[in-house]
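In: the sequence isn't on hand, but the structure is:
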Ligand SMILES: [Zn+2]
């Protein structure tokens, strides 16, 4: 499934970040998903727990932040696009073929799990 492979690649990236921080586990992660990406946030959060099993992300909370599409209208400058209307300025209907934001899929934040405080 599409979202399962996305979840796995996110887990890969997050595991790498954990290694860099010398952390064993994460308790939560936040992902930014563009409204114009082909990712369905609900499907991603549904696929995540099974994909995370056996990894440092097991049991971590996944939050998905949806990023609205932003295009550039020749008249109105940067405008927030309406997915239902397509790549057009919502104010004047001019085509905005270049997507400035809204097709991303990226790891935004990782909350590291508290380490065991054996040194106290
Ligand atoms: Zn416009």
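Out: Alright, I've got the coordinates. Remember, predicted model here, so these are calculated numbers, not experimental data.

In: helix, strand, or coil at residue 19?
Out: Following DSSP: H, G, I helix; E, B strand; the rest coil, residue 19 is assigned to helix.

In: pull the contacting residues for it.
Out: Contacts for residue 19 (Cβ atoms under 8 Å, 6 or more residues apart in numbering) come out as none. (Each C-beta comes from the backbone N, C-alpha and C, glycine too.)

In: again, only this time at 10 Å
Out: Going by Cβ atoms under 10 Å, 6 or more residues apart in numbering, residue 19 touches residue 56.

In: so how far is the ion from it?
Out: 46 Å (Cβ to the ion, to the nearest Å).

In: got the residues of the protein near the ion?
Out: Selection of the chain residues close to the ion by Cβ under 5 Å from the ion yields 73, 75-76, 89, 91-92, 94.

In: among those, which are located in strands?
Out: If you go by DSSP state E, the residues of the chain next to the ion have residue 73 in strands.

In: from the residues of the chain next to the ion, list just the buried residues.
Out: The neighbour-count test (16 or more other Cβ atoms under 10 Å) marks 73, 89 as buried among those.

In: just send the residues of the chain next to the ion back as a markdown table, with pLDDT too.
Out: What follows is these, written out as a markdown table (pLDDT from 0 to 100):
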| residue | pLDDT |
| --- | --- |
| 73 | 97 |
| 75 | 96 |
| 76 | 97 |
| 89 | 97 |
| 91 | 96 |
| 92 | 97 |
| 94 | 97 |
